[in-house]
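Asks: model the following, please.
(chains A and B)
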Protein chains: 2
Amino acid sequence: MSEANIVLPPLTRNEWTLLWAVLGSALVALGYGLLMVWSVLRCDPGTPAMQKVGKAIEDGAMAYLRRQIKVMIWFVLILDVGLYLMYSHLYADQGPGHPLALGVAVAFLAGVLASYGAGYVGMWLAVKANVRTAAAAMESFPKAMKVAFNAGTVSGMFTVGFGLLGATLIFLIFREEAMRILVGFGFGGSLAALFMRVGGGIFTKAADIGADLVGKIEAGIPEDDPRNAAVIADNVGDNVGDCAGMAADVFESYEVTLVAAIILAAATLATPQFQADYGANASSFALKLILFPLLIRAVGVFASILGTISVRLKPGEQDPMKPIIWGYWVSSLSALAGVAVVNYFYLHDPRTGLVDWRFTVASGIGIVLAILTLFLTNYYTHPNNRPVSETAIASKTGPATLLLSGMAEGNESTVWAIVLIGLTILSSMWVFASEPALAAYGIALAGLGLLTTTGFILAMDTYGPITDNAHGIFEMAGVSNERASRTLSWMDAIGNTTKALTKGLAIATAVLAAVSLFKSFIDEAQLNEIGIQVNLPKVFVGVLIGGAVPFLFTAFSLKAVGRAAYFVVEEVRRQFREHPGIMTRKELPEYGRCVEIVTAAAQKELLGPGMVAVATPVLVAFGLGAAACGGYLCGAILTGQLLAVYMANTGGLWDNAKKKIEDGFLGGKGTDRHKAAIIGDTVGDPYKDTAGPSLNPLIKVMNLVAILIVPFTIRPLSPGVRATVIMVSAAMLIAAVIISHRGAILLPTPSDGEHPPAPPKD
Amino acid sequence: MSEANIVLPPLTRNEWTLLWAVLGSALVALGYGLLMVWSVLRCDPGTPAMQKVGKAIEDGAMAYLRRQIKVMIWFVLILDVGLYLMYSHLYADQGPGHPLALGVAVAFLAGVLASYGAGYVGMWLAVKANVRTAAAAMESFPKAMKVAFNAGTVSGMFTVGFGLLGATLIFLIFREEAMRILVGFGFGGSLAALFMRVGGGIFTKAADIGADLVGKIEAGIPEDDPRNAAVIADNVGDNVGDCAGMAADVFESYEVTLVAAIILAAATLATPQFQADYGANASSFALKLILFPLLIRAVGVFASILGTISVRLKPGEQDPMKPIIWGYWVSSLSALAGVAVVNYFYLHDPRTGLVDWRFTVASGIGIVLAILTLFLTNYYTHPNNRPVSETAIASKTGPATLLLSGMAEGNESTVWAIVLIGLTILSSMWVFASEPALAAYGIALAGLGLLTTTGFILAMDTYGPITDNAHGIFEMAGVSNERASRTLSWMDAIGNTTKALTKGLAIATAVLAAVSLFKSFIDEAQLNEIGIQVNLPKVFVGVLIGGAVPFLFTAFSLKAVGRAAYFVVEEVRRQFREHPGIMTRKELPEYGRCVEIVTAAAQKELLGPGMVAVATPVLVAFGLGAAACGGYLCGAILTGQLLAVYMANTGGLWDNAKKKIEDGFLGGKGTDRHKAAIIGDTVGDPYKDTAGPSLNPLIKVMNLVAILIVPFTIRPLSPGVRATVIMVSAAMLIAAVIISHRGAILLPTPSDGEHPPAPPKD
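Replies: The predicted model follows:
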């Protein structure tokens, strides 16, 4: 295989000690996570009414996950058998049942399980924590804050702990081949994340929009009103999409960037230039470079814990955003300091004996990128900044100007986000300008740096759906406590901001993870000599098709939300019609039916996007060749990043423009401005919660599929096999398109009007 | 220079005869254009009231163009001197005052003049024809149809005539160096087209939205009401953006694809494989391939004329779309037949003596792409098809669902459009699968085929603003003639569709022209060996930045429309306030003031986008190198195409959803559905008329700038010069960003509200 020329040097005793320390820090993360579980569970679960609502949400969320697993297991198993057969064929000349073929197949299943596991744990605690947060809010603001943030921390710590443990073990067991195993693992993980993200996104927005359309508009009842049968589904969706999807998604980037850095360090050793530069010390120095990424990750564990501990409301403090931002700074700066300390004691230039600070600088660039990305998102979506204010003011002249203003700001924000990523790549490469052999390693270190504070970032993210749910439970349980209600409303608004912040970061990690994987792709495709030349027509066409896929995916997910919302509307209407007691509060609606309906609809809608993600890279790779497939990935990364940030920020901005007006800006609730802002918010909802965040796992799934299949495209294949692969993947694509056009459901038949009318006869 | 290895063989007597025939057909196009001018001008210019309105529009349009030329002349002159100095430096070793340096500088100026010329002529006749169309409508429907279409034909014929004449002469004079001269010419042409497109787009939508906001919403008067001071500006905008901008834009693609095909034919001769394949016949066969593109263009002239002649309403025919579609079929099929005839008599395989039909097939693929692109656009934007119907039906649940539905359809449409382009590239290459030396020539032939029917397509496009204006003039002149009014309304609606159709085609030509230019870029950058490898980090960053530029450009133009509209609103308000007689129809508003205000605003707003288009490729080329600049172009082409079609189709779809409802669908005018559709239409207006169409010239300008500067990036430059270039272009970019953030004009100071409010104290 292509990586056969990379040989990892044997570990010395010193290095073994360090490895044990890394494994120890993974256990620290898990231990701290368990501590947080205990601290949340021992809190008061609230009044019976609240517990009842909480239980309904919990049941719905778990039912959703079970149903999804049931549907997806077949898709996963078929892919797994396919992977095993493919790789057995690849290693057929080395005898049957090659361990790597089995390894990839098992790793794929493990990836799916790990991803669902990370999602499951995060969600399990989130649905326990939401009701406890609501109960704590009745006690005091700092208490509620603590419960919600601690629960979020669990998601962060488990992801980091399992991620570090898993990657270290895979590295120890498979060594040179770790990357391939991890690609299988990553594929499983990303695919599961894709399902959770897309399914959860469709679920949550279908329930949300459906509930709004039938509740607010038709029946004239307020949001989160318990008479609306779709409100529980709305809350379930927050957990399914934001908790489970995000954790699964980031988990995979965390693994891939880590192992990519390790493999790139090993590849550096193989270059003649590195050998010449470091002479006799080359091997021992390379070993240090190989272990450095693991040490950075271990530093990240402690930095994240330090950060979460620092999130404490000071006496009299009123804005929960302040301690969160403070915690983030603590976490980032301590990570930077920790990396510098490790560098100081561990990485000396073997020729001079001096500390080689370039490794801290490269990792630091990633940490700085994370900070800048958060600032950028905050600038474009925070209610007190110019973009949101200007968009809110544009509502004076109606919804159209508000929408256009938001789109313009969103378009601009995605430009700066991608420029930041570009600068990160360039500057981390320039750090090693004098030693080009280390340039790729430098970029990998920046990717690692970006994810150093993963533990904290996921805590911040999960805080969002927990507070959102807590607020919902409080309203639905009908508790009358004005102060607690305001506390929760306020925490909910801040949760929106933290969710938006982490989305920007998640997509940046997807892009840097993809860049780290490029090296593996090139190796597997044996394109080291000629590269991926976009000036070749086939490669250029690959770029065009790859760039189109995120647009197709967006179209599919927007339509899916519309269709699923339609079923919700029908169901709520039915319940109102058949049970008039619901409106008079004499009867409770059947929340479970709505949850079931959206669950079923979301699973169906998943199939189309899932097939596109898997089939398109296969079609391009076998139809146009490995290099075109590289172009395809490049195009998909480009438009995926641009669209994802555009949709996340535009949606967040419209949401906060509405919130700003609701808080009294320009006249407040009930004005025409507010109505205009509600329209903007509704358009933005599937943008920011369905289509946008689904693009991260999409990019990663396509990347990993490409790496897994590309070894086959460069082997001599019988024309029959090739034609079959092309036809099957084309058939899957066509099926996906048909599925997502099926039942143009909003269309009554036949068309009740013709345009234009006949002109006058002369 | 890089093209020195390409040597064109001398022309034989036979070939000279053919060349004269080509020049003759260019004169035929011009002659037919003049005939159409005469046929339009001799028509009745209507009632004095109509003439008065028409005169106001004419004056406004011409004033706009004069003002733009006055502002832009300085920008153009500075660039021209810069070009001359750069190229003098490049040829410095061949003695001072090299003819090519002067040639490029003169060609650039000629390009600007030709582009403005094509725009001027088209617009000049359009503003004469609009009032005559209105007058003819009072006589009969077929008469009105004839005037409008004949006037459109003028624009098509002049563009084709001048284009063919110019390219043939440049080819005869400069031979091997023709491509470089043409790049200078194309740069001038595209830059002028960019100014006309962006300026016109900002102008027309600022006037349109401004007029609507202050007229329909504030004052409660209908559209096109003469009491609204902004209505004339609205009509002027149609001419400035759609007539002048489109003609200038397509003119340049027409030239570039032609000369690219010629140069690629010459390059084919230089390949060893071609020499080996054709032996002694290589040179004479290559000469035939060189002249074939010119012959295709000559065929296109006659096919276009045949098409426009076929646009005749049959007695009793009611739908003007039918004869236009019929004319398009006539034009396309006769072009295909003509190409086949030329091929049959002219292109035989010199080894066997048999006709080599592959050249007809490759050109035919381009013609088919044009037809398919039109069908696709028609499918997504025609009121009787599923996408528009479904979007209109989504208005039942409010504007948000209508907007989301339109966006989903638009996203999908752009995917199929880019897939069609990809298939065109692949299939035209596959036609020559057995002779890879001819593959690039095959792609160039497809690009040529796409533009064969340019004359007809521009006629179809210009028909749109003429009928739009005719309808406006009729309403403003207050003529009471119900039948004529319905005729014009109906023609106006069809004009909307033809405009949308040609937009999809214009962007496809920009992409294929860009692909044709790739070869020149690679030559100039001396990247033939290593190509543009996106797997290299710098090139990948180039792709990221290039892909971001169309998003930035979109943000700028959307904001510019908002700002300029604000000035219109202020001015109309002032006139209503200071002249109460306007509302009571006792006093005429000062239309000229509004035209002046939007003219001035549009010029100012142009600067930012213009600087981005010129400075960004320079910055990337000098900062990251020639290969990164190639990646930059690739990224810009990708997202430019995707966004341009997305915005054009989404905007057209919303527009027609509104029209469909206005024509009685779902209850018609005045319903909530209609209101929702109006919101969609307003959002779509700057999409389809400002941001979307500006992306074609943007892509081309950036491409041509890159080709012009890339020879300098590969020469040894003193670090001082390099640093200066980087700093100047970075300063231009920063200035552009500042300009387009200047006066966040909708924002009153200070911010009148803070979010979120303080939480409760504990």
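Asks: number of residues surrounding residue A:600?
Replies: 15 (other C-beta atoms under 10 Å in any protein chain shown). Placement of C-beta: from N, CA and C, glycine included.
Asks: equivalent analysis for the one 5 residues further on, please.
Replies: Neighbour count for residue A:605, taken as other C-beta under 10 Å: 26.
Asks: where does the residue lying closest to it once chain neighbours are set aside land in three-state SS?
Replies: Among residues not flanking residue A:605 along the chain, residue A:560 sits closest, at 3.7 Å (C-beta to C-beta, 6 or more residues apart in numbering or on different chains). Secondary structure, DSSP: H, G, I helix; E, B strand; the rest coil: residue A:560 is helix.
Asks: would you agree residue A:560 is in contact with residue A:202?
Replies: Yes: with contact defined as C-beta atoms under 8 Å, residue A:560 counts as touching residue A:202 (5.0 Å).
Asks: joint contacts of those two?
Replies: With contacts defined as C-beta atoms under 8 Å, 6 or more residues apart in numbering or on different chains, the residues shared by residue A:560 and residue A:202 are A:602, A:605, A:690.
Asks: any idea how far the last one lies from chain B?
Replies: Meaning residue A:690. 10 Å (C-beta to the nearest C-beta, to the nearest Å).
Asks: which SS state does that residue fall under?
Replies: Here residue A:690 is helix, with the state taken from three-state DSSP.
Asks: before we move on, what about residue A:156?
Replies: Strictly by three-state DSSP, residue A:156 counts as helix.
Asks: which residues touch it?
Replies: In this structure, residue A:156 makes contact with A:33, A:304, A:308, A:454-459, A:462, judged by C-beta under 8 Å, 6+ apart.
Asks: can you lay out these as CSV showing distance to chain B and secondary structure?
Replies: CSV is the format used below for those (distance: C-beta to the nearest C-beta, whole Å; DSSP: H, G, I helix; E, B strand; the rest coil):
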residue, distance to chain B, secondary structure
A:33, 28, helix
A:304, 26, helix
A:308, 21, helix
A:454, 23, helix
A:455, 27, helix
A:456, 23, helix
A:457, 22, helix
A:458, 24, helix
A:459, 21, helix
A:462, 20, helix
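Asks: redo these as JSON lines? Include neighbour count and pLDDT.
Replies: Listed next are those as JSON lines, based on neighbours: other C-beta atoms under 10 Å in any protein chain shown; pLDDT from 0 to 100:
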{"residue": "A:33", "neighbour count": "24", "pLDDT": "93"}
{"residue": "A:304", "neighbour count": "29", "pLDDT": "95"}
{"residue": "A:308", "neighbour count": "26", "pLDDT": "93"}
{"residue": "A:454", "neighbour count": "29", "pLDDT": "89"}
{"residue": "A:455", "neighbour count": "32", "pLDDT": "91"}
{"residue": "A:456", "neighbour count": "31", "pLDDT": "93"}
{"residue": "A:457", "neighbour count": "30", "pLDDT": "91"}
{"residue": "A:458", "neighbour count": "31", "pLDDT": "90"}
{"residue": "A:459", "neighbour count": "32", "pLDDT": "91"}
{"residue": "A:462", "neighbour count": "34", "pLDDT": "90"}
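Asks: farthest-separated two in these?
Replies: Spatial extent of the contacts of residue A:156 (C-beta to C-beta) is set by the pair A:33 and A:457 at 14.9 Å.
Asks: check which residues of stretch A:79-93 are buried.
Replies: A:79-80, A:83-84, A:86-88, A:90 (16 or more other C-beta atoms under 10 Å in any protein chain shown).
Asks: which one of the residues you listed sits closest to residue B:191?
Replies: residue A:79 (51.2 Å).
Asks: which residues touch residue A:60?
Replies: Residue A:60 touches A:232-233, A:235-236, A:591-592, A:595, counting by C-beta under 8 Å, 6+ apart.
Asks: please disregard the earlier target; I meant residue A:394.
Replies: Contacts of residue A:394 by C-beta under 8 Å, 6+ apart are A:401-402, A:404-405, B:562, B:746.
Asks: export the shared contacts of residue A:560 and residue A:202 to a markdown table and tack on pLDDT?
Replies: Listed next are the shared contacts of residue A:560 and residue A:202 as a markdown table, based on pLDDT from 0 to 100:
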| residue | pLDDT |
| --- | --- |
| A:602 | 86 |
| A:605 | 84 |
| A:690 | 90 |
